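[1] Sharing a sequence plus its predicted fold:
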Amino acid sequence: MEQKFTDLMLIQNVLNGDSGQYALLVKRHQRFVFTLALRFAKNREDAEEIAQDCFIKAYKALGTFKQTAKFSTWLYTITYTTAMTFLRRKRLETSSINDEETFLQLENHTSSFNANGYESQDSHKYLNQAIQMLIPDDATIITLFYQGEQSLEEIGEMLNVEPNTIKVKLHRARHRLKEKLQYLLQDEVKELL
């Protein structure tokens, strides 16, 4: 039943008073929003809070959604704004964070994720670790393009940047991702020897 309705149909139903239809929109886009929030927040708890805030804000602002873009594009804009606000507020609450502490937190997060058992694909594990090590802009573009399956034009619209600029940034982000993967795999080889 859920797949029969497009995002626009579900939005129209919600706006016409059937607020239960919003749960279908959330279910359809929750993984996308959470993945993006996790790229910004770098930890699961903050990402969950950001994602929840995004869906609440999107529900309240649903009447302002213009159907000139995809719903996911509009939702990404809300996710980005919410994440940046959350992180600014969190930085104000935190006296200082140095890179070593951030890296240790990232390692602990990754370790707890992997502690649940053997990951079926090591390459996926290393790819996620490498993406987490990227600066937020690079991680966002990589995530939107490959995991969110957004086009260069859609990403450009979301970030308010020309598609050609996104193409260049994506190329550079891939290069930096490759460097991070080489670094991670180099350490893995050393552990095996």
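    Looks like it arrived, so ask away. If you're wondering where the values come from, they're calculated on a predicted model, not measured in any experiment. Residues are numbered from 1 along each chain as shown.

[2] Show the residue spans covered by the helices in this structure.
    With DSSP state H, the ranges of helices along the chain come out as 7-15, 22-41, 44-60, 71-93, 99-114, 122-133, 136-142, 152-159, 163-192.

[3] Share the number of residues neighbouring Gly17, please.
    Counted with other Cβ atoms under 10 Å, residues neighbouring Gly17 total 8. Any C-beta I mention is one placed from the backbone N, CA and C, and that applies to glycine too.

[4] what's the answer for Lys66, then?
    Neighbours around Lys66, by other Cβ under 10 Å: 6.

[5] ok, it - contacts?
    Trp74 (Cβ atoms under 8 Å, 6 or more residues apart in numbering).

[6] what's the distance between it and Thr77?
    12 Å (Cβ to Cβ, to the nearest Å).

[7] Once you drop chain neighbours, what's closest to the spatially most central residue of the chain?
    By Cα atoms, centre = their mean, the chain has its centre lying nearest to Leu36, at 0.9 Å. Leaving aside its sequence neighbours, Leu36 sits nearest to Thr79 (Cβ to Cβ, 6 or more residues apart in numbering; 5.0 Å).

[8] list the contacts for the one you found?
    Thr79 makes contacts with Val33, Leu36, Ala37, Ile50, Ala51, Cys54, as judged by Cβ under 8 Å, 6+ apart.

[9] now, among these, which is nearest to Glu179?
    Of all the contacts of Thr79, Glu179 sits closest to Leu36, with 22.7 Å by Cβ to Cβ.

[10] Kindly reformat the helices of the chain as CSV containing mean pLDDT.
    Shown next, in CSV, are those (pLDDT from 0 to 100):
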stretch, mean pLDDT
helix 7-15, 91
helix 22-41, 90
helix 44-60, 93
helix 71-93, 83
helix 99-114, 47
helix 122-133, 74
helix 136-142, 84
helix 152-159, 85
helix 163-192, 82
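
[11] hang on, the earlier thing: what sits against the residue nearest to the centre of the chain?
    Contacts for Leu36 were tallied using Cβ under 8 Å, 6+ apart; they are Tyr76, Thr79, Tyr80, Ala83, Thr140, Thr143, Leu144, Gly148.
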